[in-house]
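Q: what would the 3D arrangement of this be:
(one chain, ligands or ions: 1)
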Amino acid sequence: MNTNVMTTIPFTIDRDLLFTHLHTHLHIKPDELYAQDVENMIEQALKIGKPKVAYRLAYIESKGDDFVVVDGIKFTSRILRVNLEETFKVVPYVITCGEELEEWAKTFNHMLETGCANGIMEAIMHSARVHFFAKVEEEYHLDHAVNMNPGSLEDWPLKEQAPLFQLLGDVKGLIGVELKESFLMSPLKTVSGFRFSKKGGYENCQLCPREKCPGRRVPYDQNLYAEKYQLK
Ligand code: SF4
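A: From the prediction side, this is the model:
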């Protein structure tokens, strides 16, 4: 198994993005009393943070109506299958903010501080993911790269984490991420998925009807499933 590991992913914290997040969720403004405390927490997190990723290049061996077989392991999802129509390779990955930051976040008890720590970890994850995606796209020549994540849509449920972890091998030993019986991951600020080429783009949110989601990237398109993904 040729799983690659990056244990020193460069990252920054986009303060504008972070303060927008904190303002929306915790009503903290940069010019208010707590802003200096947040700055102090940012400085700590920049020193402690060690985001990590495990990933590899994998090949699609066969495709059915609602499944694909990747390096001998079956993944069941109609949307994934359709999205992989024009490619033969995928990059499965698990990226985490790391145990170091999770332990750091646990040292805060006040609701406001816990909320700030969460926002900071999300900002770090965002930055680390941008860096990692740029690296794999260059390394494996992925044009028009898009993302799918088990558990984002009913069609590709969370239990599909099991085959994804199977593809990557000893993820706990490599980067400290544990897949629990519930198929959730520990540390909590961890994201798993497939990165692959798809002309025309794709976002999970296009097919997700969830209302008022703070993470929404694009509007829900209620006709898209029937137009592109339904079995004829
Ligand atoms: S709308 Fe929210 S829950 Fe739905 S796929 Fe997008 S980010 Fe995930």
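
Q: so which strand or helix has the spatially most central residue of the chain?
A: Note on the chain: the residue nearest the mean C-alpha position is residue 191, at 3.3 Å, using C-alpha atoms, centre = their mean. Per DSSP states H and E, residue 191 falls inside strand 190-197.

Q: mind giving me the packing neighbours of the helix or strand following that strand?
A: Along the chain past strand 190-197, the next helix or strand (assigned with DSSP H and E) turns out to be helix 224. Contacts defined by 3 or more C-beta pairs under 8 Å, 6 or more residues apart in numbering; DSSP states H and E place helix 224 against no helix or strand at all. In short, each C-beta sits where N, CA and C put it, glycine included.

Q: show me where pLDDT drops low in the chain?
A: Residue ranges of the chain with pLDDT under 70: 1, 28-33.

Q: at 80 instead, please
A: For the chain, applying pLDDT under 80 flags the ranges 1, 21, 24-35, 232.

Q: buried ones in the longest helix seen in the chain?
A: Identified as the longest helix of the chain according to DSSP state H is helix 111-139. Across helix 111-139, burial judged by 16 or more other C-beta atoms under 10 Å covers 113, 115-129, 131-133, 135-137.

Q: who in this structure is up against the ligand?
A: Proximity of the chain to the ligand (C-beta under 6 Å from any ligand atom) is limited to residues 152, 204-205, 208, 210, 213, 215-216.

Q: what is the end-to-end distance of stretch 24-36?
A: 18 Å (C-alpha to C-alpha, to the nearest Å).

Q: how about the CA coordinates for the strand holding residue 191, as CSV?
A: Extracted in CSV, the C-alpha atoms of strand 190-197 (Å, rounded to 0.1, in the frame of the first residue of the first chain):
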residue,chain,number,x,y,z
THR,A,190,-10.9,15.9,10.2
VAL,A,191,-12.2,15.6,6.7
SER,A,192,-12.1,12.5,4.4
GLY,A,193,-12.9,12.2,0.8
PHE,A,194,-12.0,11.6,-2.9
ARG,A,195,-10.3,14.3,-5.0
PHE,A,196,-10.6,13.7,-8.8
SER,A,197,-10.9,15.4,-12.1
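
Q: coming back round to it: for the residue nearest to the centre of the chain, which non-adjacent residue is spatially closest?
A: Nearest residue to residue 191, sequence neighbours excluded (C-beta to C-beta, 6 or more residues apart in numbering): residue 95, at 5.4 Å.

Q: who are the contact partners of that neighbour?
A: If you count contacts by C-beta atoms under 8 Å, 6 or more residues apart in numbering, residue 95 has them with 9, 51-53, 55, 125, 128-129, 132, 190-192.

Q: if we use 10 Å, what do you get?
A: Applying C-beta atoms under 10 Å, 6 or more residues apart in numbering to residue 95 gives the contacts 6, 9, 51-55, 125, 128-129, 131-133, 175, 177, 189-193.

Q: show me which positions of the helix or strand harbouring it end up buried.
A: Assessed by DSSP H and E, residue 95 sits inside strand 89-96. By 16+ other C-beta under 10 Å, the buried positions in strand 89-96 come out as 90-96.
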